[in-house]
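K.L.:
Here is my input; please provide its structure:
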Amino acid sequence: MPSSITHVLYLTYVGRKVATVSTIKLGKENNRRVRWLSEDEEVCLLGVLSRNHQVLVLVAVHTGMRKGEQLSLRWTDIDFHQRRLTIRESKSGEARYIPLNEVAVAALQKHPKMIDNPYVFYGRNPGQPMHNGIKNNDWKRYLGEAGIENLKWHDLRHSFASRLVMRGVDLYTVSKLLGHQSLEMTGRYAHLAPEYLKNAVDLLTSPVQVTPNISHVS
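P.N.:
From the prediction side, this is the model:
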């Protein structure tokens, strides 16, 4: 066989192999990790945190905000009278509202304001927010002192959602509070609500209420 033909066949073979490889879809990154802070762990953690860092953790656990949302929070975004805060631009690009419970309200009201700084969690530079929250070295030290293992900052958001589900809050409501764009994202917490799922199935055994069609006699 002429060398030129061999070369063409080789390129065709390689091209097919490359095309085959390029169509292989890589698995998505595992984002199903659900580690939450137990209430006992929360007590231990708060006991070793500095005052400013206590507020950060309390607000995270009791609002479920993403880290970026929390650090971007301004005092004008908080309505203490209505007991809610506004996320001006969430991950979906839309605004959403988060109700504030008593713990979150108390923590925020006790948190001192910085003059000429609009941010709730302010940084060292004038008029700027805190950069990246608690430093990694400080966070690791806090966890060590509190005897807590394998806890990341994002797990505080998981803690918010997990506690709600374990207290019987439906997944749709939790999804709205978290700012999820679909219930599929909130489904990771479904296993924490066995009674919720059981009650849904038990509805099938309940008699169906049929409303009789009563004709009006003229």
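K.L.:
residue contacts, the residue nearest the centre of the chain?
P.N.:
The structure's the chain has its C-alpha centroid closest to Arg157; by CA atoms, centre = their mean the separation is 4.5 Å. Contact partners of Arg157, counting by CB atoms under 8 Å, 6 or more residues apart in numbering, are Ala60, Gly64, Met65, Arg66, Leu178. For every residue, glycine as well, the C-beta is placed using N, CA and C.
K.L.:
now the closest residue in space to the first one that isn't next to it in sequence: how far from Gln70?
P.N.:
This means Ala60. Leaving aside its sequence neighbours, Ala60 sits nearest to Leu156 (CB to CB, 6 or more residues apart in numbering; 4.0 Å). Per CB to CB, to the nearest Å, Leu156 is found 9 Å from Gln70.
K.L.:
ditto for Asn132
P.N.:
11 Å.
K.L.:
which residues touch stretch 82-96?
P.N.:
With CB under 8 Å, 6+ apart as the test, stretch 82-96 has contacts from 63, 65-66, 69, 72-73, 77-79, 97-101, 105, 176, 179, 181.
K.L.:
at 6 Å what do you get?
P.N.:
With CB atoms under 6 Å, 6 or more residues apart in numbering as the test, stretch 82-96 has contacts from Glu69, Asp77, Ile78, Tyr97, Ile98, Pro99, Leu100, Gly179, Gln181.
K.L.:
Just list the residues touching the closest residue to Glu145 other than its chain neighbours, thanks.
P.N.:
On the basis of CB to CB, 6+ apart, the spatially nearest residue to Glu145 that is not a chain neighbour turns out to be Val48, at 4.3 Å. The contact partners of Val48, taken as CB under 6 Å, 6+ apart, are Tyr142, Glu145, Ala146.
K.L.:
Check the average confidence over stretch 80-94, would you?
P.N.:
Averaging pLDDT along stretch 80-94 gives 86.
K.L.:
Centre of the chain to the helix or strand harbouring the residue nearest to Ala60, how far?
P.N.:
Take DSSP states H and E as the rule and Leu156 turns out to sit in helix 155-166. How far helix 155-166 lies from its chain's middle: 8 Å, per CA atoms, centre = their mean, to the nearest Å.
K.L.:
repeat for stretch 88-96
P.N.:
13 Å.
K.L.:
Tell me the span between the first and last residue of it.
P.N.:
7 Å (CA to CA, to the nearest Å).
K.L.:
same question, stretch 116-124
P.N.:
12 Å.
K.L.:
Next: stretch 46-57.
P.N.:
When the termini of stretch 46-57 are compared using CA to CA, they are 8 Å apart.
K.L.:
Leaving out the residues flanking it, which one is nearest to Glu149?
P.N.:
Leu143 (7.1 Å).
K.L.:
ditto for Leu178
P.N.:
Gly64 (5.5 Å).
K.L.:
Tell me where the chain has strands.
P.N.:
Under the criterion DSSP state E, the chain carries strands at the ranges 78-79, 84-87, 96-99.
K.L.:
Throw the ones you listed into JSON lines and include distance to Gly123 and mean neighbour count, thanks.
P.N.:
Listed next are the strands of the chain as JSON lines, based on distance: least, CB to CB, whole Å; neighbours: other CB atoms under 10 Å:
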{"stretch": "strand 78-79", "distance to Gly123": "19", "mean neighbour count": "16"}
{"stretch": "strand 84-87", "distance to Gly123": "20", "mean neighbour count": "20"}
{"stretch": "strand 96-99", "distance to Gly123": "23", "mean neighbour count": "16"}
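K.L.:
Alright, I will stop here.
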